[in-house]
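Enquirer: Sharing a sequence plus its predicted fold:
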Amino acid sequence: MNTTQILDSEGKFTSGAYPKRDLAIVRGKGSRLWDSSGNEYIDCVAGQGVANLGHCHPRIVKALQEQSEKLITCPEIFYNDQRALFLEKLVSHLPQGLEHIFLCNSGAESVEGALKSARLKTGKTGIIATMRGFHGRTMGALSATWDKSYRTPFAPLIPGVKHVPYDNFAAIEKAIEENTAAVLIELIQGEGGVRLGSSEYFHQLRQLCTEKKILLIIDEVQTGFGRTGKWFACDHYGITPDILCLGKAIGGGIPMGAVALNKELGPLDKGSHGSTFGGNPMACAAALASLQCYEEEGVIENSAKLGAYTQDKIANLNIPMVRHIRGMGLMIGIELKTRVTPVLKGLMDKGVLALPAGPTVLRLLPPLVISQEEIDTVVEKIGEVFAEMA
C-alpha cells in the first residue's frame, strides 16, 4: 500500500479516538523509523516510552520467533517455563521486598490491578492521587488521572479518589482520612510535563504511609526499565513502594504490564483478579529477552550518560523560547514559552519524531540505544526549528 492508500483506509475504519499525524510508519530498526514513502526519522517517541531497546531488537525478534514455534498462549491457570524464568529475573531487579507479580497487558491495567489490590488488602476505598498525574484511561486508572478533559466525559467514575498538589507533603498529609487505602504517585510526571518530585517529598511520603498503615503505590509505567538512567526511578531515591505499577518497556515492544506487590500483600486471594492474555508465553519470552538486554548491553548506563549530555546540549543552544529543561536519563521535558504543536510539526519535517507533554512541553523519549551522534542530530534539528520560528 502507498501512503495515500494507508491513510485513506485506516482513516475510514479507525475509531477516530486518536489525533493522528499524517505519517504512515512501516519499518523500524534501533532508533530509526521509516515511513511508507521511504523517509527516515530519528525516533524520540519510542512508542510513547515502549521501545527502550529500540525497534526490532535482534534478541527480542529471535525470542519471539523461537517461542512462536513452541507455544503462543497459555493462561495462568497453568504454569509455564517462560513465565517462570521471566518472573524470577524480574523480581531480582525490583526494589527489595516486592516479591509477588500479577501480569497483565498494559500500564493502565497494572494501575487497575494496583487499585483493586489496595482495596482488597486494606478493606478501605479511598485513594489519594496528585494533580497533573496520569495513570491511564480505563475507568479506575482514569479516576486517578487528574486532567478533567479526560475524566469529565465519562463521569461518574469510581468514588473516593482525591487529587492533591504534587510535591506537596502537607497537602497529602491533610487529605488522609480513616478510609484512605492508598496514595498513588509518579516519581516523574510524564504526561503532566516531565515534572520531578523532590527526594524529601518521597521519603516523607513513604514514612507517612508506613506510620498510617496506608499503601504507597508508585506508577513507574513510563519511568521503568532504564528510562531514567537506573532500572527504576525508585532506585534514585532509595524508596520501596508497597505496590509498583509497570508497563510500556517491560515487553520490548510486546504488550505487557505488571503489578508488583510486597510480600505482606501477596499472594492475592484466589479468583480476586484475572487476565486472559496476562503472562502469555510470547509476552514473557520477549520480556525475558528484554531483561537480559538491560543486564548485558549497557543501555541503562547509556540512558544516564546521554540524558545529561542531551540536556546540556539543548541548554547550550540558548533558545529564547525555552523556559526550562528538566528530566532524568532519557526522559526529557523542554518547557516552552509557546505552544508545542508547531515545534513537533517542524521537527517531523526535519526527520525527528517527538512528543508533547501538555500544551507547552516538548518531550523526548528516545530509545535507550540511541547514539550520541543521533542525539547531536536531534539537538541540531531542535535548534533549526526554533531559529525558523523566531
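Expert: That came in fine, so what should we check first? Numbers count the residues shown, from 1 in each chain.
Enquirer: Only C-alpha atoms from now on, for both contacts and neighbour counts.
Expert: Noted.
Enquirer: On the C-terminal side of the strand or helix carrying residue 184, identify the next helix or strand.
Expert: Using DSSP states H and E, the element containing residue 184 is strand 180-185. Using DSSP H and E, the next helix or strand after strand 180-185 towards the C-terminus is strand 188-189.
Enquirer: Now do the very next helix or strand once past that following strand: which elements does it pack against?
Expert: Scanning forward in sequence from strand 188-189 by DSSP H and E, the next helix or strand is strand 195-196. Other elements packing on strand 195-196 under the criterion 3 or more CA pairs under 8 Å, 6 or more residues apart in numbering; DSSP states H and E are strand 188-189, strand 322-328.
Enquirer: Can you give the contact residues for strand 195-196?
Expert: 187-189, 326-327, 333 (CA atoms under 8 Å, 6 or more residues apart in numbering).
Enquirer: where in the chain is pLDDT low?
Expert: When residues are selected by pLDDT under 70, none of them lie in the chain.
Enquirer: And it, what are its domain boundaries?
Expert: 3-56+298-389, 59-296 (automatic domain parsing).
Enquirer: Same list (these) but as TSV, adding mean neighbour count.
Expert: What follows is the domains of the chain, written out as TSV (neighbours: other CA atoms under 10 Å):
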stretch	mean neighbour count
domain 3-56+298-389	18
domain 59-296	20
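Enquirer: show me where the stretch 101-250 of the chain has helices.
Expert: Assigned helices in the stretch 101-250 of the chain, in chain order: 107-122, 139-144, 148-151, 169-175, 199-212, 234-237 (criterion: DSSP state H, counting those that start in this stretch).
Enquirer: Show me how far the fifth one is from its chain's centre.
Expert: Yep, that's helix 199-212 we're talking about. Relative to the mean C-alpha coordinate of its chain, helix 199-212 is positioned 23 Å out (CA atoms, centre = their mean, to the nearest Å).
Enquirer: report the angle between the axes of it and strand 180-185?
Expert: Orientation check (axes from the mean of the first three to the mean of the last three CA atoms, to 10 degrees): helix 199-212 against strand 180-185 gives 160 degrees.
Enquirer: Output the contacting helices and strands for helix 199-212.
Expert: Checking 3+ CA pairs under 8 Å, 6+ apart, helix 199-212 ends up next to helix 169-175, strand 215-219, helix 234-237.
Enquirer: Report the angle between it and strand 215-219.
Expert: Using the same axes, to 10 degrees: helix 199-212 against strand 215-219 is 140 degrees.
Enquirer: Would you format the helices and strands packed on strand 195-196 as JSON lines with distance to residue 88 included?
Expert: JSON lines is the format used below for the helices and strands packed on strand 195-196 (distance: least, CA to CA, whole Å):
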{"stretch": "strand 188-189", "distance to residue 88": "27"}
{"stretch": "strand 322-328", "distance to residue 88": "28"}
